[in-house]
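Chemist: structural data only, the sequence is not supplied:
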């Protein structure tokens, strides 16, 4: 373990100790702010209840990531190949991120129902923008001297995309994907808040109504673990795929 990780771990432990000491020193009730030790205890004890909801939310996030990739990659290639399409679609891409997700969630629930579809689409809407923009920027930043060389060798656009543009843009792609997977939980949970019968967002709403703040924090802890796990997995894939970087 390197120094930076040790330092980060020490900061987290210090903050948790201060949190624990504050709650115990001032006798803060659990329904207002539970201690970290109580949150950890509830997380372990209530694991049989939390895990099924976490599995639902994880499935929504994974399907949202898959859907966003199926849209973002072809869209970025299309906009790069046809700048006029990029100019036409750019305002809509920006608008899709400017609209608050809380405004979209009720509409998606009305259109798609209380099932998993509305949550998957909500997650995909949040994820696809950083992936699309990052990948497009990666294509655009390809070294012009290499593009000229490929054209002199008679390589068509498909060949250049396969052998030049795509490998060049992979670091940008993974950068956007890492941003996307870390915010994917937002879309899924907001969709569950608006209307669902399962998932960590649903569990948080039900626990909050019963003043079970410890369960709310337990759900947040699981969401944090899921987000960090997905970020680590994408980072692992990046190192395996882009060995030359």
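Modeler: Nice, I can see it. What you are looking at is a predicted structure, and each value in this text was computed from that prediction instead of being measured.

Chemist: only C-alpha atoms for contact and neighbour calcs from this point on.
Modeler: Fine.

Chemist: elements contacting the lengthiest helix in the chain?
Modeler: When the chain is parsed with DSSP state H, its longest helix is helix 47-81. On a contact count with 3 or more Cα pairs under 8 Å, 6 or more residues apart in numbering; DSSP states H and E, helix 47-81 meets helix 83-98, helix 116-140, helix 166-194, helix 200-209, helix 213-241.

Chemist: chain center to the last one: distance?
Modeler: Computed by Cα atoms, centre = their mean, to the nearest Å, the separation of helix 213-241 from the middle of its chain amounts to 9 Å.

Chemist: now do that helix: which elements does it pack against?
Modeler: Helix 213-241 packs on helix 36-45, helix 47-81, helix 166-194, helix 200-209, going by 3+ Cα pairs under 8 Å, 6+ apart.

Chemist: repeat that for the fourth one.
Modeler: In this structure, helix 200-209 packs against helix 47-81, helix 166-194, helix 213-241, with contacts taken as 3+ Cα pairs under 8 Å, 6+ apart.

Chemist: from those helices, which stretch is densest packed?
Modeler: Mean neighbours per residue, mean count of other Cα atoms under 10 Å, is largest over the helices and strands packed on helix 200-209 for helix 166-194, with a mean of 22.

Chemist: give me the phi and psi angles of residue 211.
Modeler: In terms of degrees, to the nearest 10, the main-chain angles of residue 211 are phi 60, psi 30.

Chemist: quick thing: my sequence starts at 32, can you match it?
Modeler: I'll keep to 32 as the first residue from here, and by that count the last item is residue 242.

Chemist: does it touch residue 60 like I think?
Modeler: No. The pair residue 242 / residue 60 is not scored as a contact, 10.9 Å apart, by Cα atoms under 8 Å.
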